[in-house]
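Chemist: Return a 3D structure for these sequence lines:
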Amino acid sequence: MGFSIDMKRVTELSIIAGTIVSCYYLMTMPSPESIGAGLDKDSQKKSDHNITRILQKRPDLYNQLRGLNSYEKKVLADVLIAEEINVRFKDVGGLDNIIEDLKETVIYPLVNGVPETNGNFEEEEDEDDQLAHLYKSGLLEAPKGVLLYGPPGSGKSLTAKCLAGESHATFINVKISTLLSSYYGESNKLIKALFSIATKLKPTIIFIDEIDALFRKRSTQDHEVSSTIKSEFLSLLDGLESGGGILMMGATNRRLDIDEAFLRRMPKQYHIELPNLKARIKILNILLNKIELDPQSITTVKLAKFTPGYSGSDLKEMCRDAVANAARDFRQGNRKSKKLRPLTINDFTLNYANLPGSFENLSLD
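Modeler: Numbers count the residues shown, from 1 in each chain. The predicted structure is shown next:
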């Protein structure tokens, strides 16, 4: 009895086997740095996971990821690869003007002018070559740096992550604690590792929340180590080529506290304000998209009017608590149907006392 060999399947299995072997070699290979970065088990696990995922999508990076030192592996633990970013600009409410500007000035140039189809950019395919050439010109290259500033909970971190998702860029969500080491000279090595990983995995967005903690205005009381760290970071930032596929993004609610030397390197700066009425309506429509409301009791428009001074984060917590009320009733036996009852004004009112808003007290008058 004869049989046939599915060569396509054999090829696919060979690629998978090769990737597994490569990942095992990369994960078990001794690091050139046996001490220093203090790579704990959790960071090592995250780093190994990211190496596996990256090589599955981009096996051409095998040589780039071969022989990473412990500092690079520690940075790699903070990497979120493009395929794992599940948020898009449609998930952000109230920042339409900023989003449009980010698309034009950052996303298109960052991906060499070829529009991202998953980002709902609808330019015709025959324009791609022309756009690629256009965005490689000096004046339309992606900026080296973008700063988002505004009150807490206004969507700065979410906007940065969406930017990476829309452009399919690698997203390095840098923790300040990762860069600051108690050992002399270690922070400089970690900063070098950060830019090394960003270069290997570009297009890359380096994002640092609360950037003012790292780049507070200099003073005569600054410690020598602090000054050295700032200088090292700025030097590496200056070394990035314009349009080179690496974008530095920072977020802060204290822009006036940031060192002018850093601000000069952030040519695009966006003030993200608390949402106005129109923006709050849009945010609430997104948050409550799959939740049934009792129209005789409450609507998203009415909720928006009741919540001046609320940030996007405040609105999310308010809605979460309201849904929790309905879920509690369901668990306690009100199960006439197989779904949660519609939310009423009372579900939200129960939580107002615990959520007064970020900057002004809520009033139902």
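Chemist: Determine the next helix or strand in the C-terminal direction from whichever strand or helix holds residue 50.
Modeler: Assigned by DSSP states H and E, residue 50 falls within helix 41-57. Using DSSP H and E, the helix or strand that follows helix 41-57 in sequence is helix 62-65.
Chemist: In that next one, which residues are buried?
Modeler: By neighbour count on 16 or more other Cβ atoms under 10 Å, the buried set for helix 62-65 is 62, 65. Quick note: C-beta positions are derived from backbone N, CA and C, even for glycine.
Chemist: Who are the packing partners of it?
Modeler: Judged by 3 or more Cβ pairs under 8 Å, 6 or more residues apart in numbering; DSSP states H and E, helix 62-65 is in contact with helix 7-28, helix 41-57.
Chemist: Mind telling me which residue is nearest the centre of the protein?
Modeler: Geometric centre of the chain, nearest residue: residue 161, 2.4 Å, by Cα atoms, centre = their mean.
Chemist: any idea how far residue 84 is from it?
Modeler: Remark: distance between residue 161 and residue 84 (Cβ to Cβ, to the nearest Å) = 11 Å.
Chemist: Going by residue numbers, what spans are strands in the stretch 101-250 of the chain?
Modeler: Using DSSP state E, counting those that start in this stretch, the strands of the stretch 101-250 of the chain run over residues 145-149, 170-174, 204-209, 246-252.
Chemist: Show me the shaky parts of this protein.
Modeler: Scanning the chain with the threshold set as pLDDT under 70 gives 1-38, 112-139, 182-184, 220-225, 242-243, 334-337, 349-365.
Chemist: 80 - rerun?
Modeler: When residues are selected by pLDDT under 80, those of the chain lie in 1-40, 111-141, 180-185, 218-226, 241-244, 333-338, 349-365.
Chemist: Tell me how it divides into domains.
Modeler: 39-117+129-271, 277-350 (the TED database).
Chemist: The first one: how far from the chain's middle?
Modeler: Okay, so that is domain 39-117+129-271. 9 Å (Cα atoms, centre = their mean, to the nearest Å).
Chemist: my read: residue 156 touches residue 271, true?
Modeler: No. Counting by Cβ atoms under 8 Å, residue 271 is not a contact partner of residue 156; they are 10.3 Å apart.
Chemist: When the two are compared, which one has more neighbours?
Modeler: Ranked by neighbour count (other Cβ atoms under 10 Å), residue 156 and residue 271 place residue 156 first, with 26 against 11.
Chemist: Quick one: neighbours of residue 57, just the number.
Modeler: Look at residue 57: counted by other Cβ under 10 Å, it has 12 neighbours.
Chemist: what does residue 260 give?
Modeler: Look at residue 260: counted by other Cβ under 10 Å, it has 10 neighbours.
Chemist: That one and residue 163: what is the separation?
Modeler: Separation of residue 260 from residue 163 (Cβ to Cβ): 25 Å.
Chemist: Would you mind giving the secondary structure of residue 93?
Modeler: Following DSSP: H, G, I helix; E, B strand; the rest coil, we place residue 93 in the coil state.
Chemist: OK, contacts around it?
Modeler: Residues counted as contacts of residue 93 (Cβ atoms under 8 Å, 6 or more residues apart in numbering) are 275, 279-280, 282-286, 312.
Chemist: Buried ones among those?
Modeler: 275, 279-280, 282-284, 286, 312.
Chemist: Just give me the closest of those to residue 44.
Modeler: Of all the buried ones among the contacts of residue 93, residue 312 has the smallest distance to residue 44: 34.8 Å, by Cβ to Cβ.
Chemist: give the contact list for the closest one.
Modeler: Residue 312 makes contacts with 93-94, 153-155, 158, 275, 283, as judged by Cβ under 8 Å, 6+ apart.
Chemist: Buried residues, the helix holding residue 50. List them.
Modeler: Within helix 41-57, the residues that count as buried by 16+ other Cβ under 10 Å are 43-44, 46-55.
Chemist: likewise stretch 179-198?
Modeler: Applying 16+ other Cβ under 10 Å to stretch 179-198 flags 179-181, 186-198 as buried.
Chemist: Give me the contacts around it.
Modeler: Residues outside stretch 179-198 that contact it (Cβ under 8 Å, 6+ apart) are 36-38, 69, 71-72, 74-76, 79, 170, 172, 174, 178, 204, 206, 214, 225, 228-229, 232-233, 236, 239-240, 246.
Chemist: Would you mind checking the residues you listed for buried ones?
Modeler: Judged by 16+ other Cβ under 10 Å, buried ones among these: 36-37, 69, 71-72, 74-76, 79, 170, 172, 174, 178, 204, 206, 214, 229, 232-233, 236, 240, 246.
Chemist: Out of the strands of the stretch 101-250 of the chain, flag the one nearest residue 65.
Modeler: Closest of the strands of the stretch 101-250 of the chain to residue 65 is strand 170-174, at 12.2 Å (criterion: Cβ to Cβ).
Chemist: Indicate each strand paired with the closest one and its parallel or antiparallel sense.
Modeler: According to DSSP bridges, strand 170-174 forms sheet pairs with strand 79-80 (antiparallel), strand 204-209 (parallel).
Chemist: As a markdown table, those with distance to residue 106 would be great.
Modeler: Below are the strands paired with strand 170-174 laid out as a markdown table (distance: least, Cβ to Cβ, whole Å):
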| stretch | distance to residue 106 |
| --- | --- |
| strand 79-80 | 18 |
| strand 204-209 | 9 |
